[in-house]
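J.: Generate coordinates for the sequence data below:
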Amino acid sequence: MNDVDPSAQMLKPARLLAESPSRFPGESAAYRSARNDLLAEEIELRRHIERVAAQRRALPPGGLVPQDYRFESEAGPVTLSEMFGAHDTLVTYNWMFGPQRARPCPMCTSLLSAYDGEMPDILQRVAFAVIGRSPIEKLVAFKKERGWRYLRLYSSGGNTFNRDYAAEDPDGDDYPALNVFTRSGGTVRHFWAEEMGPSAADPGQDPRGAPDLMPLWMVLDKTPGGRGTDWYPKLEYGAQPARSCLG
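T.: This is a model prediction of the structure:
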């Protein structure tokens, strides 16, 4: 891979694009100068995100899926290949709601609640499956409680999919995982998975998986307080202390 993307050499320097014409009531010259400096960095970040996405799309073919895993869906048994429907791409999210949990992971649930609203649009382009190890009845009961309308739920309690693609440990502790699979001519391959686990975390930051999938964080990152250091979403809000996915 070349060190320099030829197309990047044709782009205007971000600093030249960062002279924003916007002015807001009461802002100072110091604020505008700092804001334009930040805007240049935001433009560079956008460009880097585009470069990473292009590099991801250019990955060589991934590994063949070892078996056509069988799941339980809301409508009955279904295989991994059948979950593609009419699409050639399938995105799967491993929901931390294994049989040992009375309630699902709050972080996973926050993410999936956002995805439920986006699902009519997402399903125009790709298939999307939410996979948990609990019995399908338990998954569906929470779906109804939460008011989800569009997410398609599948139980992997009878197969090794979570262990194979979500690094589930031998004791059955469940982990969140986002995976992408492709299908071509009846052949199903793994395309990409998030791999930014705890070992890749920077000092002072919570471990993050695939780069910032949660709309929640995307919004909070635009605020002065940011994400905070001791706050996590919860299933309900009251007097209980916040818990992470590990709880």
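
J.: low-scoring stretches of the protein, by residue?
T.: For the chain, the stretches flagged by pLDDT under 70 are 1-9, 206-211, 239-247.

J.: Which residue ranges of it form strands?
T.: Applying DSSP state E to the chain gives strands spanning 70-73, 76-79, 89-94, 127-132, 153-155, 177-184, 187-193.

J.: The first one - which strands sit beside it in the sheet, and in what orientation?
T.: Read it as strand 70-73. Applying DSSP bridges, strand 70-73 is found paired with strand 76-79 (antiparallel), strand 153-155 (antiparallel).

J.: Tell me which of those strands sits most buried.
T.: By mean neighbour count, with neighbours taken as mean count of other Cβ atoms under 10 Å, strand 153-155 ranks first of the strands paired with strand 70-73 at a mean of 23. To be clear about C-beta, it is placed using only N, CA and C from the backbone, and glycine gets the same treatment.

J.: quick one on the thing from earlier: of all the strands of the chain, which one comes closest to S33?
T.: Closest to S33 of these is strand 177-184 (Cβ to Cβ; 39.2 Å).

J.: if we can go back for a sec, of the strands of the chain, which is nearest R47?
T.: strand 187-193 (20.8 Å).

J.: got the angle for that closest one vs strand 89-94?
T.: Per axes from the mean of the first three to the mean of the last three Cα atoms, to 10 degrees, the angle that strand 187-193 makes with strand 89-94 is 60 degrees.

J.: Please work out how many residues are found near W95.
T.: 28 (other Cβ atoms under 10 Å).

J.: How much space separates the residue lying closest to it once chain neighbours are set aside from R125?
T.: In space, and not counting its chain neighbours, W95 is closest to G132: 4.2 Å by Cβ to Cβ, 6 or more residues apart in numbering. According to Cβ to Cβ, to the nearest Å, G132 and R125 sit 24 Å apart.

J.: The two: who's more crowded?
T.: G132 (27 against 10).

J.: State the distance from the more buried one to L39.
T.: 41 Å.

J.: got it, and T89?
T.: Noted for T89: a distance of 34 Å to L39, by Cβ to Cβ.

J.: between the two, who's got more neighbours?
T.: For T89 versus L39, neighbours defined as other Cβ under 10 Å are more numerous around L39 (17 against 14).

J.: For that one, give me its contacts.
T.: By Cβ atoms under 8 Å, 6 or more residues apart in numbering, the contact set of L39 is A18, S20.

J.: returning to that earlier point: now render the strands of the chain as a markdown table, adding distance to P61.
T.: As requested, the strands of the chain are arranged in a markdown table below (distance: least, Cβ to Cβ, whole Å):
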| stretch | distance to P61 |
| --- | --- |
| strand 70-73 | 24 |
| strand 76-79 | 21 |
| strand 89-94 | 14 |
| strand 127-132 | 19 |
| strand 153-155 | 25 |
| strand 177-184 | 8 |
| strand 187-193 | 6 |
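
J.: Please name whichever of these is nearest to P224.
T.: Closest to P224 of the strands of the chain is strand 177-184 (Cβ to Cβ; 29.5 Å).

J.: Could the C-alpha coordinates of that closest one be exported in PDB?
T.: Taking Å, rounded to 0.1, in the frame of the first residue of the first chain, the C-alpha atoms of strand 177-184 are listed here in PDB:
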ATOM      1  CA  ALA A 177     -19.100  -7.900  18.700                       C
ATOM      2  CA  LEU A 178     -19.900  -6.400  15.300                       C
ATOM      3  CA  ASN A 179     -19.100  -8.700  12.400                       C
ATOM      4  CA  VAL A 180     -19.700  -8.300   8.600                       C
ATOM      5  CA  PHE A 181     -20.200 -11.300   6.300                       C
ATOM      6  CA  THR A 182     -20.400 -11.400   2.500                       C
ATOM      7  CA  ARG A 183     -22.100 -13.900   0.200                       C
ATOM      8  CA  SER A 184     -21.200 -14.600  -3.400                       C
END
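
J.: Cool, thanks, signing off.
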